[in-house]
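Visitor: can you look at this prediction? I've put the sequence above it.
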Amino acid sequence: MATHVPQSPEERTPDASLLVETRGLTKRYGGITAVDDLNLAVRRGEVYGFLGPNGAGKTTTLKMLLGLVRPSGGSARVLDRSPGTPGGLAKIGALVESPAFYPYLSGKNNLKVMARYCGVPNSRVAEVLEDVELAGRAKSRYKKYSLGMKQRLGVAAALLKDPELLILDEPTNGLDPKGMADMRSLIRRLGTGERTVLLSSHLLGEVEQVCDRVGVIHKGRLISEGAVTDLRGGEALLVRAEPVEEAAKIAEKLEGVERVETNDGVLRLTTGPERAAEINAKLVSAGLRVSELRFAERSLEDAFLELTGGETV
Ligand SMILES: Nc1ncnc2c1ncn2[C@@H]1O[C@H](COP(=O)(O)OP(=O)(O)OP(=O)(O)O)[C@@H](O)[C@H]1O
């Protein structure tokens, strides 16, 4: 498949286009290795999805990037600084743990409190409320907000500093389908333009819809990093032809067909769409009955199953 296996730190040279770069980043809690020799590379301006099942080490990684957890080994550079150095968070907005909002204050007044705390002018409050589409409910008390609105207010708080990098840990967790859809479109909006967004998720579909690139983490290790389209593995041609065994033998010999799999009497040929007519003609001229020929993309879920050796998220 087209995704690359992350290189060892020694093989890589510093890259100015990377906003986040970790080298051999490791975190152990007693006998548990939560994050294991992680080499992550997030490019400027992209929406990067950090995908993995619960307990894979996503939150621990994000906390290390924010300087909230000290690594046991390796290093990280975030916006050209080591996490935890003074002033390091100035251009980073994060929603990693539920922010502590005052339940009896309005969304707007909560943000005003935070703006004062971060030294941000009050004028930013109205702007970020617009950004997360909460301007219409700005004066309602926080405790009256739906979970989705609370989460969006958390994003608004993270945006107060107009950060270059926005880090969101499982931003749709616990939301209903409407809340999830709202959050996804918010992330897509925030990710256009200059800003870089790094979000973690255990939902393949979410990463697929929102992200430009994805890093897959499993048991603390990054097992793949690449464009979502690369990870999905391009297109395949599905062919229903009889007898299927004979069709498979012919398909295997065809030029431009990388792989042939048979599943439930259907051949799956890894090849480009331009080969369809020719493959059809070859099978028909060999006396086979071709009843169906269509393209299908491998889902990200299939790719994940392949990468993890069968474990789902
Ligand atoms: N403070 C801690 N002390 C001990 N073990 C921890 C601590 N924090 C995390 N772990 C362990 O490290 C592993 C990775 O946890 P982490 O929370 O980073 O995963 P995750 O991918 O974010 O999953 P989730 O989505 O469930 O939070 C888990 O086995 C977890 O139990």
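Guide: Perfect, thanks for sending it.
Visitor: what residue spans form the domains of the chain?
Guide: The record's domain split for the chain, according to the TED database, is 18-228, 234-297.
Visitor: give me whichever of those domains is most buried.
Guide: Among the domains of the chain, domain 18-228 has the highest mean neighbour count (mean count of other C-beta atoms under 10 Å), at a mean of 19. C-beta: built from backbone N, CA, C; applies to glycine.
Visitor: what about that one, start to end distance?
Guide: Taking C-alpha to C-alpha, to the nearest Å as the measure, domain 18-228 stretches 18 Å from start to finish.
Visitor: what about the closest residue to residue 69 other than its chain neighbours, which helix or strand?
Guide: Setting aside the residues directly before and after it, residue 69 is nearest to residue 63 in space (C-beta to C-beta, 6 or more residues apart in numbering), at 4.0 Å. Assigned by DSSP states H and E, residue 63 belongs to helix 58-65.
Visitor: ok, residues contacting stretch 278-294?
Guide: With contacts defined as C-beta atoms under 8 Å, 6 or more residues apart in numbering, stretch 278-294 is touched by 237-243, 246-247, 250-251, 254, 257, 266, 269, 271, 276.
Visitor: just the ones of those residues in helices?
Guide: Judged by DSSP state H, those include 246, 247, 250, 251, 276 as members of helices.
Visitor: distance to the ligand and pLDDT added to those, as a markdown table?
Guide: Formatted as a markdown table, the entries for the ones in helices among the contacts of stretch 278-294 read as follows, by distance: C-beta to the nearest ligand atom, whole Å; pLDDT from 0 to 100:
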| residue | distance to the ligand | pLDDT |
| --- | --- | --- |
| 246 | 47 | 93 |
| 247 | 43 | 93 |
| 250 | 46 | 92 |
| 251 | 40 | 90 |
| 276 | 41 | 86 |
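Visitor: in TSV, list those residues along with distance to residue 25.
Guide: Output for the ones in helices among the contacts of stretch 278-294, formatted as TSV (distance: C-beta to C-beta, whole Å):
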residue	distance to residue 25
246	52
247	48
250	49
251	44
276	45
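Visitor: model confidence score at the residue nearest to residue 69, please.
Guide: For residue 63, the pLDDT comes out at 96.
Visitor: likewise for residue 1?
Guide: For residue 1, the pLDDT comes out at 38.
Visitor: from the chain's centre, how far out does stretch 156-169 sit?
Guide: Relative to its chain's centre, stretch 156-169 lies at 17 Å (C-alpha atoms, centre = their mean, to the nearest Å).
Visitor: can you give me the end-to-end span of that stretch?
Guide: Start-to-end span of stretch 156-169 (C-alpha to C-alpha) is 14 Å.
Visitor: quickly check: that stretch near the ligand or not.
Guide: No - residues of stretch 156-169 are not located near the ligand by C-beta under 6 Å from any ligand atom, the shortest gap being 7.1 Å.
Visitor: circling back: ok, of the domains of the chain, where does mean pLDDT dip lowest?
Guide: Among the domains of the chain, domain 234-297 scores lowest, at a mean of 87.
Visitor: ok, which stretches of the stretch 51-200 of the chain are strands?
Guide: 73-78, 92-95, 165-169, 196-201 (DSSP state E, counting those that start in this stretch).
Visitor: near the ligand at all, the last one?
Guide: In this case it means strand 196-201. No - shown here: strand 196-201 not in contact with the ligand (C-beta under 6 Å from any ligand atom), separated by at least 6.5 Å.
Visitor: run through the neighbouring helices and strands of that strand.
Guide: If contacts are counted by 3 or more C-beta pairs under 8 Å, 6 or more residues apart in numbering; DSSP states H and E, strand 196-201 sits against strand 18-29, strand 41-43, strand 47-51, helix 58-65, strand 165-169, helix 177-190.
Visitor: just checking, what packs against the shortest one?
Guide: Translated: strand 41-43. strand 18-29, strand 196-201.
Visitor: so what touches it?
Guide: Counting by C-beta under 8 Å, 6+ apart, 6, 15, 17, 18, 19, 20, 21, 48, 196, 198, 213, 225 sit against strand 41-43.
Visitor: would you confirm that the third one contacts residue 46?
Guide: No - the pair residue 17 and residue 46 fails to qualify as a contact (C-beta atoms under 8 Å) at a distance of 9.7 Å.
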